[in-house]
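>>> predicted coordinates and the sequence they were generated for:
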Amino acid sequence: MYVGSGLFGDYSQPERHIRAFMAGKEYRFNPDTLTYERIREPVRLRIYRYLRHGIVLFLLVCILNMLFSLAFRTPKMERIARENDELLVRYDILSRRISEAEARLDAIHQRDIKVYRPLFGADTMYIPGIYIPYPDSVYADLNGYEYSGIMVSNWKLLDRLGRKIYLQSRSLDQLQMLATDKETMATAVPAIWPIDKRNLRNNIGAYGNRFHPIYKRYIKHEGIDMPADIGDPVYATGNGVVKATDIGFRRRGYGRQILIDHGFGYQTRYAHLSQIDVEPGQRVSRGEQIGRVGNTGGSTGPHLHYEVIFMGHTVNPINYFRRDMDPEEFERIIQSVQTTSYELLE
Ligand SMILES: [Zn+2]
């Protein structure tokens with residue numbers, strides 16, 4: 001018996017089992033009709049076959065898609081990647097901008113501690129802990145993302161900037177307060193002549209010890225004497241409040257006098273007046289007329305006795321004239337100051 005198989009099937013049992021496969025379809029040889037007949041596949045098997053094919057196809061497509069996405073980017077992925085890059089660039093720009101702002105703030109801070117604060121005699125302002133970074137727990141919300149590092153470092157930069165701005169603003173607030181005080185002080189401290197310089201009739205009588213011709217000893221002259229005509233205006237040399245007029249303290253031969261309290265430890269006295277234009281408690285401004293030159297009290301001729309008192313002690317008023325004199329004029333005045341007395345020494 002011939003046993004074999006081939007294109008036309010299995011010939012071992014020619015009558016019933018001759019089969020053939022053509023174009024993917026299965027045929028069986030029918031010895032009665034001597035023709036090949038197509039074998040009909042059962043529906044169930046056919047469904048299984050389709051399902052099998054479908055699953056295999058699906059898996060293949062999946063694998064291909066995966067391979068494709070590994071090798072190439074889809075337009076959507078491309079867009080997301082581009083956006084990511086852009087975001088990174090923006091973060092980089094942001095951190096640079098923050099650093100620039102910080103550098104500018106640092107420059108202001110340096111000017112503040114080297115120029116502005118010394119100008120007002122203020123020490124460098126320090127707020128404890130202002131330079132200590134916040135704990136990492138503050139930034140916990142930002143953790144766990146791909147770009148957490150960049151986000152956290154930018155937040156830290158911003159927070160540091162914020163702390164420095166706070167310190168600087170506190171410092172400037174304080175300076176503003178000091179400046180306001182300073183302005184008040186500048187207008188309060190005696191700084192001008194109590195009479196018009198052109199009204200000066202003779203040399204100024206000096207401040208300090210002078211020799212008493214009769215007692216043969218030195219007696220301190222607490223102010224300077226400015227000879228002028230009776231009736232010449234006398235001006236307040238700084239802003240202040242009239243503390244007292246002659247009434248009630250006519251002593252030491254001052255005659256009619258005015259005592260002004262300027263605050264900041266300063267007082268001025270104007271003595272031997274012929275007229276008083278202010279009352280105790282009255283506010284006066286620098287340059288305001290408060291009275292007139294006279295010859296009252298222990299005076300040997302018309303003149304203004306002018307005193308500057310600082311912290312309860314008289315100081316040389318000449319030193320408080322500088323503000324409205326050039327150095328040359330100041331020198332001339334100093335030279336002309338005489339030990340001449342215009343007063344009766346006690
Ligand atoms: Zn005097």
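Thanks, I have the structure now.

>>> which elements pack onto the one helix or strand Q174 maps to?
Assessed by DSSP states H and E, Q174 sits inside helix 148-188. When contacts are defined as 3 or more CB pairs under 8 Å, 6 or more residues apart in numbering; DSSP states H and E, helix 148-188 sits against helix 75-111, strand 256-263. C-beta coordinates here come from the backbone N, C-alpha and C atoms, glycine included.

>>> most tightly packed of those?
Mean neighbour count (mean count of other CB atoms under 10 Å) peaks for strand 256-263 among the helices and strands packed on helix 148-188, with a mean of 22.

>>> thinking again about what came up before, and the helices and strands packed on helix 148-188 as JSON lines, adding distance to the ion and mean pLDDT?
Converted to JSON lines, these look like this (distance: least, CB to the ion, whole Å; pLDDT from 0 to 100):
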{"stretch": "helix 75-111", "distance to the ion": "47", "mean pLDDT": "92"}
{"stretch": "strand 256-263", "distance to the ion": "11", "mean pLDDT": "94"}
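
>>> got TSV for those, with distance to T124 too?
TSV is the format used below for those (distance: least, CB to CB, whole Å):
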stretch	distance to T124
helix 75-111	9
strand 256-263	28
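
>>> from the ion, how far off is Y218?
Distance, Y218 to the ion, using CB to the ion, to the nearest Å: 15 Å.

>>> show me what contacts the nearest residue to that residue once chain neighbours are set aside?
Once flanking residues are discounted, Y218 sits nearest to N209: 4.1 Å by CB to CB, 6 or more residues apart in numbering. N209 makes contact with 218-221, according to CB atoms under 8 Å, 6 or more residues apart in numbering.

>>> how about P227?
200-205, 301-303, 342.

>>> any idea which of those residues is closest to D173?
I204 (44.9 Å; CB to CB).

>>> who touches D232 in this structure?
Applying CB under 8 Å, 6+ apart, we find D232 in contact with 195-196, 199, 292-293.

>>> pull the contacting residues for H272.
Taking CB under 8 Å, 6+ apart, one finds 254-257, 293-297, 299, 302-305, 343 in contact with H272.

>>> one more pass at 7 Å, please.
For H272, the contact set (CB atoms under 7 Å, 6 or more residues apart in numbering) comprises 254-255, 294-297, 299, 303-305.

>>> over to L105?
Here L105 is in contact with 161, 164-165, 168 (criterion: CB under 7 Å, 6+ apart).

>>> can you tell me which of those residues are buried?
164, 168 (16 or more other CB atoms under 10 Å).

>>> could you chop this structure up by domain?
Domain ranges of the chain: 5-71, 84-186, 197-336, per automatic domain parsing.

>>> from the stretch 101-250 of the chain, which residue is nearest to the ion?
Nearest residue of the stretch 101-250 of the chain to the ion: D225, at 4.2 Å (CB to the ion).

>>> and M77, which of the domains of the chain is closest to it?
Nearest to M77 among the domains of the chain is domain 5-71; the distance by CB to CB comes to 7.5 Å.

>>> go through stretch 156-173 and flag the buried ones.
Residues of stretch 156-173 classed as buried under the neighbour-count rule (16+ other CB under 10 Å) are 156-157, 160, 163-164, 167-168, 171-172.

>>> could I get those residues as TSV with pLDDT and distance to R90?
Output for the buried residues of stretch 156-173, formatted as TSV (pLDDT from 0 to 100; distance: CB to CB, whole Å):
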residue	pLDDT	distance to R90
K156	92	18
L157	92	15
R160	93	20
R163	93	24
K164	93	24
L167	92	29
Q168	93	28
S171	91	33
L172	90	32
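
>>> export those residues to JSON lines and tack on distance to the ion?
Shown next, in JSON lines, are the buried residues of stretch 156-173 (distance: CB to the ion, whole Å):
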{"residue": "K156", "distance to the ion": "69"}
{"residue": "L157", "distance to the ion": "68"}
{"residue": "R160", "distance to the ion": "63"}
{"residue": "R163", "distance to the ion": "59"}
{"residue": "K164", "distance to the ion": "57"}
{"residue": "L167", "distance to the ion": "53"}
{"residue": "Q168", "distance to the ion": "52"}
{"residue": "S171", "distance to the ion": "47"}
{"residue": "L172", "distance to the ion": "46"}
